[in-house]
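S.K.: pasted the sequence and its predicted model underneath.
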There are 2 protein chains.
Amino acid sequence: MSTIKKVCQLAGVSTATVSRTLKNPDMVNEKTRERIFKAIAEAGYRPNVLASSIKTGRSNSLVVLVPNLSNPFFLKIIQGIEQAAQENGYSVLLGDTQGEAKRENEYASMVLSNRADGLIHLDHSFPFSKNDETLAENVPMVSVCERIVSNKKYPVVELDNYSACRALANHLTSYGHKRFGVIAGQKESQIYRDRLSGIKSVLQEEGITLEDSLVVGGEYSMEAGEIGARELLSNINRPTAIFCFNDDIAIGAIHEIKKHGLRVPDDISVVGFDNIKVSAYIDPPLTTIDQPAYDMGRKAVEVVLQQIKKKPLQRDREIVQFSLLERESSGQLKM
Amino acid sequence: MSTIKKVCQLAGVSTATVSRTLKNPDMVNEKTRERIFKAIAEAGYRPNVLASSIKTGRSNSLVVLVPNLSNPFFLKIIQGIEQAAQENGYSVLLGDTQGEAKRENEYASMVLSNRADGLIHLDHSFPFSKNDETLAENVPMVSVCERIVSNKKYPVVELDNYSACRALANHLTSYGHKRFGVIAGQKESQIYRDRLSGIKSVLQEEGITLEDSLVVGGEYSMEAGEIGARELLSNINRPTAIFCFNDDIAIGAIHEIKKHGLRVPDDISVVGFDNIKVSAYIDPPLTTIDQPAYDMGRKAVEVVLQQIKKKPLQRDREIVQFSLLERESSGQLKM
DNA sequence: TAAATGACTGCAATCGATTACAGTTTTATC
DNA sequence: GATAAAACTGTAATCGATTGCAGTCATTTA
């Protein structure tokens, strides 16, 4: 692998000039430049990115912490991140944390060891270890979807979960539903609180309260959807409509409901959240909230790059728009 | 951010000793070591990975090139890659190529600029640009699922697509099916040839030939599945069983078939390939070939690390086992 | 007791770039 | 034609580690 020196030899110039032709071409004479480019081609020279990073103090990469790589929704976000990063000359280091603190710590510390310039977190946990807390103070970091739980406020890209759930709930009450079941995700997160209070606020307007026994779940997966549905179906007050906190859960729930010989939506309506691709292809197609995952990823990159470039952030919450997709998994209550 | 020098000051030793306590602890006296660890803690010191990389010539990361991040099958592979990489002290740079040569070139060149030590490619194209071909000669590289088309033979982790398709075809002929349709993926790849010849070989044993007009598709997506199914359904010799080259295609196809008022499998059997998670949850659950995606990812890392460590490879093809999952999307031919 | 060995530690070169500063040549200005 | 300004280019320090080599001191060995 040839280095800058090789090019110097071939072109008969100093390293400075070579470096400049690549970074600040207009600082060097056109003829010299040409000679150098020829030398570069001849040598098959590629600048060693690490060498330049060490000098400039920038690694030009971002770490992305994902709790669960098998969720296609996260994928879509990552796609957005990846694309935006690339456009800005950054590359993406992927960290699959599986929700484990130890792995989060490990990946987060990449920012501390100069392997990455910033961090995008797709979860609500504070990713650094207690030990690193003070070191982490000035780390460029954003979270997507979920707000990071910590003393310091970190910016977040999210949608208005409260309103989105109100929209869903209104949609269902307009079909006459009054007994709701909920299969939620992790209960410690802000999302959980926001969404639940959105649902409750609509019910309240109808004079209904949501019983605790009708809120089940705790994990975002198809299996959790199956289990949750099973639980709800066996409840004395079997709900007529089920809120699932993401589409994976909804897919699991619908599967389970059908297994019990019930029909969706004739016997029970089911709604999801996220709008992953497959949701339009299942039977029945899923009513859900569309989250602009791709754009959220892009926005997250913007925000973290702002921080890296030490530009002040205009706001600490970027709210993106949702839309309610009424498909066929929800319908008129039939009794 | 404090550097090694800060630690030297605090501990009253040279940089060499600090470096050694971290990399070769048994080269330094226990007491000194303790002093240094205390100093490290006090300084909040993190070794600058880039600085060490430049000296050692190793970046300790791998680039992974993915043609389509929204395919959950790839995700599963990436999960395996990520896990294995992490266990070996490597991190994963993610490149979403969208099948575009330009993006492939860009990401592939990360290996040339020392940003990554090796490359894992989830596609069949040769990822380097023509220009870089000679430079790329000694690059540690593996492909997963698909064989890389190039002069040099690169190792591959794949399954026996020919046999897998024979298994599927036998499964279908055992149900009495004789008229097959195929919704394939990209036609330029080895996979395409292997799979098709697997199918044909079984048909041949039954004295049947597969008409060209019954082989459609060209892309791995649900939309392609819909379009492909539409095409096959309108064929004069409507097939009674449809082979889909992955589960996404199958999901799209089933969706389309139902839209035409036909039932799966009573009117038409559909089989997929990959066994992504959702395939067990759709209606009807999909008969498919299980590819051990996670393990394939892990194996790919092994192979590329072998190359990085300049150990000779035992073989240039790592074959993984498949298994036929007979679920409910395929069944007895009813006429 | 002298010599040899082993255990630590430090000096300083090095990895491959970037960049402040200075030096040289060319061009512009009067 | 002399001087100032602009345009290039080179020298050498620097980024933050790693590591070969040499030096010091304590411990064995003969």
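M.R.: Looks like it arrived, so ask away.

S.K.: ok, A:Val111 - contacts?
M.R.: By Cβ atoms under 8 Å, 6 or more residues apart in numbering or on different chains, the contact list for A:Val111 reads A:63, A:117-119, A:136, A:139-141. Glycine gets a C-beta too; all of them are placed from N, C-alpha and C.

S.K.: for these, which one is nearest DNA strand C?
M.R.: A:Asp117 (14.9 Å; Cβ to the nearest atom of the strand).

S.K.: now the two most distant members of the contacts of A:Val111.
M.R.: Pairwise distances across these peak at 13.7 Å for A:Asp117 and A:Ala136 (criterion: Cβ to Cβ).

S.K.: looking at those two, which is more packed in?
M.R.: Under the neighbour definition other Cβ atoms under 10 Å in any protein chain shown, A:Asp117 and A:Ala136 were set side by side, and A:Asp117 has more, 23 against 20.

S.K.: show the pLDDT at that one.
M.R.: As predicted, A:Asp117 sits at a pLDDT of 97.

S.K.: what about the residue lying closest to A:Lys178 once chain neighbours are set aside, how many neighbours?
M.R.: Spatially, and ignoring its direct neighbours in sequence, A:Lys178 is nearest to A:Ile208 (5.8 Å; Cβ to Cβ, 6 or more residues apart in numbering or on different chains). The burial metric for A:Ile208, expressed as a neighbour count using other Cβ under 10 Å, is 14.

S.K.: for A:Ser109, same thing?
M.R.: 20.

S.K.: mind checking pLDDT for it?
M.R.: The confidence metric pLDDT takes the value 95 at A:Ser109.

S.K.: A helix includes it, no?
M.R.: Yes - counting by DSSP: H, G, I helix; E, B strand; the rest coil, one finds A:Ser109 located in a helix.

S.K.: quick check: A:Ser61 touching A:Leu94?
M.R.: No - in this structure A:Ser61 lies outside contact range of A:Leu94 using Cβ atoms under 8 Å: 10.5 Å.

S.K.: what's the burial count for A:Thr287?
M.R.: By other Cβ under 10 Å, 24 other residues sit near A:Thr287.

S.K.: ok, it - contacts?
M.R.: The neighbours of A:Thr287, taking Cβ under 8 Å, 6+ apart as the test, are A:168, A:171, A:269-272, A:324-330.

S.K.: quick one: the helices in chain A?
M.R.: In chain order, chain A shows helices spanning A:4-11, A:15-23, A:30-43, A:49-56, A:72-87, A:101-112, A:161-174, A:190-205, A:222-233, A:247-259, A:293-308, with DSSP state H as the criterion.

S.K.: ok, and which of those helices has the densest surroundings?
M.R.: With neighbours taken as mean count of other Cβ atoms under 10 Å in any protein chain shown, the helices of chain A reach their highest mean count in helix A:247-259, at a mean of 26.

S.K.: got the residues of chain A near DNA strand D?
M.R.: By Cβ under 7 Å from any atom of the strand, the part of chain A that sits against DNA strand D consists of A:12-17, A:20, A:26-33, A:51, A:54-55, A:57.

S.K.: so where's chain A shaky on pLDDT?
M.R.: A:335 (pLDDT under 70).

S.K.: break it down into its structural domains.
M.R.: By the assignment in automatic domain parsing, chain A contains the domains A:4-47, A:59-159+A:293-322, A:161-290.

S.K.: just send these back as CSV, with distance to B:Lys130 too.
M.R.: Rendered in CSV, the data for the domains of chain A read as follows (distance: least, Cβ to Cβ, whole Å):
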stretch, distance to B:Lys130
domain A:4-47, 13
domain A:59-159+A:293-322, 22
domain A:161-290, 35
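
S.K.: between those, which gets nearest to B:Tyr154?
M.R.: Among the domains of chain A, domain A:4-47 comes nearest to B:Tyr154, with 19.8 Å by Cβ to Cβ.
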